[in-house]
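In: let's see this in three dimensions:
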Amino acid sequence: MVVDHVNKFLFDEKLPGAFELGRLAMPLFVFVLAYNLARPVALTNGAFGRTLKRLCIAGAVTTPVFVSLVGWWPLNIMFTLALCTAVLWLIEADARGSKVAAAVLFVVGGAFVEFWWPAVALCDAAWWFCRRPSGARGVALLLACASLAVVNGMSNAVVNGVAVLAFHPNHWALASLPVMAALTRVNVRIPRVRHFFYAFYPAHLVLLWIATRHF
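Out: The predicted structure is shown next:
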């Protein structure tokens with residue numbers, strides 16, 4: 001993620017391999033979120049509510065610097081993850097009308113967050129797979145990850161002095177799948193810093209914003 005952002009904001013996306021490597025970041029974030037929310041006790045121990053609250057706070061804190069760097073739309077990745085959490089919470093709650101509400105939230109909310117509907121679909125598929133792995137669910141996860149080729153393949157271009165949206169399918173997000181598989185099988189003890197990600201994301205963007213203004 002950091003390499004991708006440094007490449008984007010400081011080097012105008014010209015660092016070799018940095019953009020491709022950056023396509024792995026969001027799928028991995030989404031997978032970790034889905035994996036944690038797929039735990040049997042996630043609903044009863046309040047994990048959905050706590051996660052949603054933290055993501056919304058981090059997203060709001062990040063918004064000023066993100067808007068300065070990128071613009072007001074789409075909303076930053078913290079809100080993407082918050083939307084994923086809210087959709088899964090509604091599905092898991094299994095209350096009357098909750099699945100309809102989840103579908104509406106998916107359709108409407110997906111239009112406003114970074115990586116749009118493919119990111120939310122990937123989180124849904126990863127959560128579904130983590131709950132009970134199967135061949136069919138694995139295929140759904142693969143297809144959801146492949147759908148990111150649309151988002152990752154979009155870029156701005158200028159043709160005859162006119163700004164246009166160019167599209168070249170980019171399938172580098174699929175490289176995150178073997179990494180996801182490895183993460184579920186490797187037992188490496190890493191000291192856990194509570195809420196590190198929520199603080200690091202806005203902090204590193206602030207540093208990049210300062211760098212774009214002074215270097």
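In: tell me the secondary structure at the residue nearest the centre of the chain.
Out: For the chain, the residue nearest the mean C-alpha position is residue 26 (4.0 Å; C-alpha atoms, centre = their mean). The three-state assignment at residue 26 reads helix, by DSSP: H, G, I helix; E, B strand; the rest coil.
In: wait, doesn't residue 74 sit right on residue 109?
Out: No: with contacts counted by C-beta atoms under 8 Å, residue 74 stays clear of residue 109, the gap being 10.6 Å. The C-beta positions use only the backbone N, C-alpha and C, and glycine is treated the same way.
In: ok, and the closest non-adjacent residue to residue 28?
Out: The shortest distance from residue 28 to any non-neighbouring residue, by C-beta to C-beta, 6 or more residues apart in numbering, is to residue 176 (5.4 Å).
In: show me the contacts for the one you found.
Out: Taking C-beta atoms under 8 Å, 6 or more residues apart in numbering, we find residue 176 in contact with 23, 24, 27, 28, 31, 145.
In: can you pull the pLDDT of it?
Out: pLDDT for residue 176: 96.
In: picking that back up, and the residue nearest to the centre of the chain, how far is that from residue 104?
Out: 23 Å (C-beta to C-beta, to the nearest Å).
In: the longest helix along the chain: which residues count as buried?
Out: Longest helix in the chain, counting residues (DSSP state H): helix 47-69. By neighbour count on 16 or more other C-beta atoms under 10 Å, the buried set for helix 47-69 is 47-48, 51-52, 54-56, 58-59, 61-63, 65-66, 69.
In: can you check stretch 175-189 too?
Out: For stretch 175-189, by 16+ other C-beta under 10 Å, it's 176, 177, 180.
In: neighbouring contacts of the longest helix of the chain?
Out: With contacts defined as C-beta under 8 Å, 6+ apart, helix 47-69 is touched by 9, 33, 36-37, 39, 41-42, 75-76, 78-79, 81-82, 85-86, 88-89, 92, 195, 198-199, 201-202, 205-206, 208-209, 212.
In: residues near residue 95, how many?
Out: Using other C-beta atoms under 10 Å, residue 95 is surrounded by 9 other residues.
In: quick one: secondary structure of it?
Out: Relying on three-state DSSP, one would call residue 95 coil.
In: what do you get for residue 212?
Out: On the three-state scheme (three-state DSSP), residue 212 is labelled helix.
In: the residue nearest to it when sequence neighbours are not counted: neighbour count?
Out: Closest residue in space to residue 212, ignoring its immediate chain neighbours: residue 9 at 5.6 Å, by C-beta to C-beta, 6+ apart. When neighbours are defined as other C-beta under 10 Å, residue 9 has 16 of them.
In: could you do residue 39 as well?
Out: Residue 39: 12 neighbours (other C-beta under 10 Å).
In: quick check: pLDDT value at it.
Out: At residue 39, the model reports a pLDDT of 96.
In: for it, what are phi and psi?
Out: Backbone geometry at residue 39, expressed as degrees, to the nearest 10, gives phi -60, psi 140.
In: for residue 33, see how far away it is.
Out: 12 Å.
In: so which of the buried residues of stretch 175-189 comes closest to residue 131?
Out: Using C-beta to C-beta, residue 180 is the member of these that sits closest to residue 131, with 14.9 Å.
In: can you name the helix or strand that that closest one falls in?
Out: For residue 180, the enclosing helix or strand under DSSP states H and E is helix 176-183.
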